[in-house]
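J.: need coordinates for the below:
(4 chains)
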Protein chains: 2
Amino acid sequence: MLELRLVQGGLLKKVLEAIKDLVNDANFDCSPAGFSLQAMDSSHVALVALLLRSEGFEHYRCDRNLSMGMNLNNMAKMLKCAGNDDIVTIKADDGADSVTFMFESPTQDKISDFEMKLMDIDSEHLGIPEAEFQAIVRMPSAEFARICKDLSTIGDTVVISVTKEGVKFSTRGDIGTASIVCRQNTTVDKPEEATVIEMEEPVTLTFALRYMNSFTKATPLASQVTISLSSDLPGVVEYKVAEMGYIRFYLAPKLEEDEIETQVEARPQVDIRPKAETKRKVEAKPKVETKPKLEIKSEEEREPQVESMVVETKVEADLMDDE
Amino acid sequence: MLELRLVQGGLLKKVLEAIKDLVNDANFDCSPAGFSLQAMDSSHVALVALLLRSEGFEHYRCDRNLSMGMNLNNMAKMLKCAGNDDIVTIKADDGADSVTFMFESPTQDKISDFEMKLMDIDSEHLGIPEAEFQAIVRMPSAEFARICKDLSTIGDTVVISVTKEGVKFSTRGDIGTASIVCRQNTTVDKPEEATVIEMEEPVTLTFALRYMNSFTKATPLASQVTISLSSDLPGVVEYKVAEMGYIRFYLAPKLEEDEIETQVEARPQVDIRPKAETKRKVEAKPKVETKPKLEIKSEEEREPQVESMVVETKVEADLMDDE
DNA sequence: CTGGGGCGGT
DNA sequence: ACCGCCCCAG
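T.: Predicted coordinates for the structure are as follows:
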C-alpha cells in the first residue's frame, strides 16, 4: 500500500512539465526514503534523475518498495487538472495495475480522483556515481534559461567555459557568433540572484542546446540552477525541488571537432547505459561515435562496493549527498 | 572605426522589430551626424527612413562615414538577445566585413558579444524632399494601430479623410463597410492622448492596410504617431524615437478606381526610385500602373539645390526640420 | 519592467 | 509543441 500526500501539488505539476518532453515512459520508484525516478531520454543522450524525499510529504506511507511504470504525458495530463495549490495524494495498492491521483482544493470544496493504468517498463536502475567536478556554477535559473534560448537562435551547440572570473556561453551559426559572459557575483540584494563559481580548474565543454533547452523547462521549480562540469564526465544541470529533493539532468558533452579523432577512445568509459543496450550499440556501430552518449556505469558494471548498493538502500545513498 | 554606445538598448530592439518585416536587407549609414537607414520595402511600395542622431548616444565615435549592409532579420535576432535595459554598443572597424553588438546588463554582471557578417547591398541613397503637407494628424499611436487592425478585418484599403473637425478612416469589404472618425481633441489629461489636426485644406487619400499595419509595428516606440498627407505626395507615418530621432514610413496612395484613368498621367512625377529601377519598371510595364509606387525623386533626378545635398550633409538637413 | 497566465496561431 | 501576443499583477 502506497499513500503519499503532498501539500504543494503545484510542485508535482511542475516536475512533470519539466521531464515529460524528455522522457515518454518511466518507472517511479517508491521506497521509505522517497519517491524517485531515473530515466534516459528516448535518444539515450540525456538522463533525468528525480528525487522527492519522504520528509517533504505531509504524509508518506510506503509499505514496501514499489516501482510504478507511467506514461509521463498521461500523468502530466492528469496533474494539469489539479489546481496549483491543491493538495495531491498519490495512492496505489501493492501489486495493483493502476495508480490514483487525488486532488483536494484548498477549501476542500472540490475533490478530484484520477486513476491511471500503470505500464510495465523494463529499465534497470542505473547507478550514478557521485563525482567530483572540476567546476560548479550556480546561477539564476531564469538567466540560464534565457541564455540557452538566446544562443539557440544563433547556433545548435553551446560551449561552456568556466574560469575563476566567470562562465562563458558561446555559440556559432550561419548568421554569426555569440558569446555571453556571466561574472561571479555574490554581493547581490537577493541570494537567488547570485552567480557563484566553485572551480578547481578551468573547464570547457560543448553541449547540444536542444537538450539544454529541454532541461530549462524545470526553471519554474527553482530560482537557481547548478551546472557541474568535468572534462571527462557528463555535465549535470540540477534544479532543487523546494525542501524535497532535486531534478538532475545529465548530458554527455559533444566532442569538439578536433578532439574526436584523438580523444574518443582514450576517454574513461563510464557508461550509464544498461549492459545489453551498450553491447547492442557497440555491435551495430563499431566505429567512433560522434554522437555523445552518457558515460556512467550501469549497476552491474560497477565496483563491488557500489554493487552492494541495491535498490532498497540506493535512494538513501542519494539523500546523503544532497544539499 | 565605429563605436556607438546606446544606453537604452531597448530602443534599438524596438526599432528593428518595427522595420524588419518591411525590409529584409538594408544599409545602415553612419556619419558624424547620426546612425540612419533608408530602404524601400521588397515590393517597392513603401519606404522606411530611420534617423538616430548622434547626440542621442552616450558615446558616438564615427571616424569616417560608413555604410553597413545588414540582414535586418538576423540583426533583430541578435538584438532580441539583449535585455530591454541593457546598454548596447555597436562596433565595426573601417573596412571590416562584420559588425559587433555588445550588450551590457545594467548590473554589468553579464556581457554579451554578438558578431554578424555584413553584406554588400547596393542601394542608392534616396533624397527625400521635404514637403509641405495639406494635412497633418497627430494622434495616439495605439489608437491608430487599433484602427488599422480593426479595419483590415473588413477591407484591404483605408480611405483617410481629414477635415477640420477630425480624421475619418473608412474601408469597404465583402462583409460590409466601416468608418471610424476621430475628432480633434486637445483638452486631454495627458498630452499623449491628444488628437491634433493641422490642416491647410481637406485631403482624402486611400492606402493599402497591409502596409499601414506593418508601420504600426513601430507603435511601442512612441505614444503618438503623425500622419502627414497631401493629395500629390506619398503619405508619411512618423514615430519619434525618444530624444534621438524618428522612423518615417512613406507610402504611395492608391488611386481611387475612378481616378486611375484621368489622373495617373497628370500627377506630378516625383519618383523616389533609383533611376535604373524606374526605367526598368517602365519598360517592363508601359501601361497604366494601378499598383501604387512611391513618387519621390532619387538623388540624381532632383533639382539642383536638392542635388547638392549630398550624403554627408543630408542627415543634418533632416535634423533641421525634425521636431 | 518583469513574470505569470491565457490565448490563438503555425 | 512552440512561440508570439496580450493582459494583469507585483
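
J.: show me what contacts residue A:180?
T.: Residues in contact with residue A:180 (C-beta atoms under 8 Å, 6 or more residues apart in numbering or on different chains) are A:147, A:150, A:151, A:168, A:169, A:170, B:81, B:110, B:111, B:112, B:113. Backbone N, C-alpha and C define where each C-beta goes, glycine included.

J.: list the buried ones in the host helix or strand of it?
T.: Counting by DSSP states H and E, the element that carries residue A:180 is strand A:176-183. By neighbour count on 16 or more other C-beta atoms under 10 Å in any protein chain shown, the buried set for strand A:176-183 is A:176, A:177, A:178, A:179, A:180, A:181, A:182.

J.: residue contacts, the closest residue to DNA strand C within the stretch 1-150 of chain A?
T.: For the stretch 1-150 of chain A, the residue closest to DNA strand C is residue A:142, as judged by C-beta to the nearest atom of the strand, at 4.8 Å. Contacts for residue A:142 (C-beta under 8 Å, 6+ apart) come out as A:219, A:223.

J.: show me what from the stretch 151-300 of chain A comes close to chain B.
T.: For the stretch 151-300 of chain A, the residues in contact with chain B (C-beta under 8 Å from any C-beta of the partner chain) are A:151, A:153-154, A:175-183, A:185, A:195.

J.: identify the farthest-apart pair in those residues.
T.: Using C-beta to C-beta, those reach their maximum pairwise distance at A:175 and A:185, which is 30.1 Å.

J.: from residue B:110, how far out is residue A:183?
T.: If you measure residue A:183 against residue B:110 using C-beta to C-beta, to the nearest Å, the figure is 7 Å.

J.: can you check residue A:194 too?
T.: Distance of residue A:194 to residue B:110, computed by C-beta to C-beta: 13 Å.

J.: between those two, which has more neighbouring residues?
T.: Neighbour totals were compared for residue A:194 and residue B:110, and residue B:110 leads with 22 against 17 (other C-beta atoms under 10 Å in any protein chain shown).

J.: these two touch, right, the more buried one and residue A:179?
T.: No. The pair residue B:110 / residue A:179 is not scored as a contact, 11.2 Å apart, by C-beta atoms under 8 Å.

J.: picking up where we left off before, in CSV, list the residues of the stretch 151-300 of chain A next to chain B along with pLDDT.
T.: Output for those, formatted as CSV (pLDDT from 0 to 100):
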residue, pLDDT
A:151, 95
A:153, 93
A:154, 94
A:175, 92
A:176, 94
A:177, 96
A:178, 96
A:179, 96
A:180, 96
A:181, 96
A:182, 95
A:183, 94
A:185, 90
A:195, 94
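
J.: out of the residues you listed, who's nearest DNA strand D?
T.: Lowest distance from DNA strand D to these (C-beta to the nearest atom of the strand) belongs to residue A:153, with 7.8 Å.

J.: surely the closest one and residue B:80 touch.
T.: Yes. Assessed by C-beta under 8 Å, residue A:153 is found in contact with residue B:80 at 7.0 Å.

J.: measure stretch A:91-108 end to end?
T.: From its first residue to its last, stretch A:91-108 covers 18 Å (C-alpha to C-alpha, to the nearest Å).

J.: so for the closest residue to residue A:204 other than its chain neighbours, what's the pLDDT?
T.: Spatial nearest neighbour of residue A:204, excluding adjacent residues (C-beta to C-beta, 6 or more residues apart in numbering or on different chains): residue A:161 at 4.3 Å. Per-residue confidence (pLDDT) for residue A:161: 98.

J.: what do you get for residue A:254?
T.: The model's pLDDT for residue A:254 equals 89.

J.: give me the buried positions along stretch A:8-27.
T.: For stretch A:8-27, the neighbour count (16+ other C-beta under 10 Å) marks A:8-20, A:22-23, A:25-27 as buried.

J.: who's more crowded, residue A:153 and residue B:80?
T.: Counted by other C-beta under 10 Å, residue A:153 and residue B:80 do not tie: residue A:153 has more neighbours, with 16 against 13.
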